[in-house]
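Undergrad: Below are the sequence and a predicted model; questions follow.
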Amino acid sequence: MAKWFKNRFGVSLNPDTQIIPSNGSKEAIFHFPLVFINTDIPDKKKVIFGTPGYPVYERGTLYAGGVPVPVKLKGR
């Protein structure tokens, strides 16, 4: 992946610290709150996401001990 990004976009990535393999985008989205939420600091527990959307945003947030904050998306 790192080599592909370098060849395609000219971007250097460290495969040990900047690339996360996953079985798909939903799996990666589910696990992101585990990285960003700090359950020891109340202000760092919120995850804001658009709704309607994938249920995985809310489920991943709850799994990580966070507080889901859905924001209703406006239609045209």
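TA: That came through, no problem. Residues are numbered from 1 along each chain as shown.

Undergrad: Please make it C-alpha for all contacts and neighbour counts, starting now.
TA: Noted.

Undergrad: Next one: Lys44 from Asn38, what distance?
TA: 5 Å (C-alpha to C-alpha, to the nearest Å).

Undergrad: Neighbour count for the two, which is higher?
TA: The neighbour comparison of Lys44 against Asn38 (other C-alpha atoms under 10 Å) goes to Asn38, with 16 against 13.

Undergrad: tell me how far the ends of stretch 57-68 are from each other?
TA: Span of stretch 57-68 from end to end, C-alpha to C-alpha: 8 Å.

Undergrad: so which strand or helix has the residue most central in space within the chain?
TA: Residue closest to the average C-alpha location in the chain (C-alpha atoms, centre = their mean): Phe32, at 3.5 Å. Using DSSP states H and E, Phe32 sits within helix 25-36.

Undergrad: number of nearby residues for the residue lying closest to Lys6 once chain neighbours are set aside?
TA: Residue nearest to Lys6 in three dimensions, not counting chain neighbours: Ser12, with 5.5 Å by C-alpha to C-alpha, 6 or more residues apart in numbering. By other C-alpha under 10 Å, 13 other residues sit near Ser12.

Undergrad: Give me the residues contacting the worst-scoring helix or strand of the chain on mean pLDDT.
TA: Every helix and strand in the chain was compared by mean pLDDT, DSSP states H and E; the lowest is helix 25-36, with a mean of 89. Here helix 25-36 makes contact (C-alpha atoms under 8 Å, 6 or more residues apart in numbering) with 20, 22, 47, 56-57, 59-61, 64, 66.
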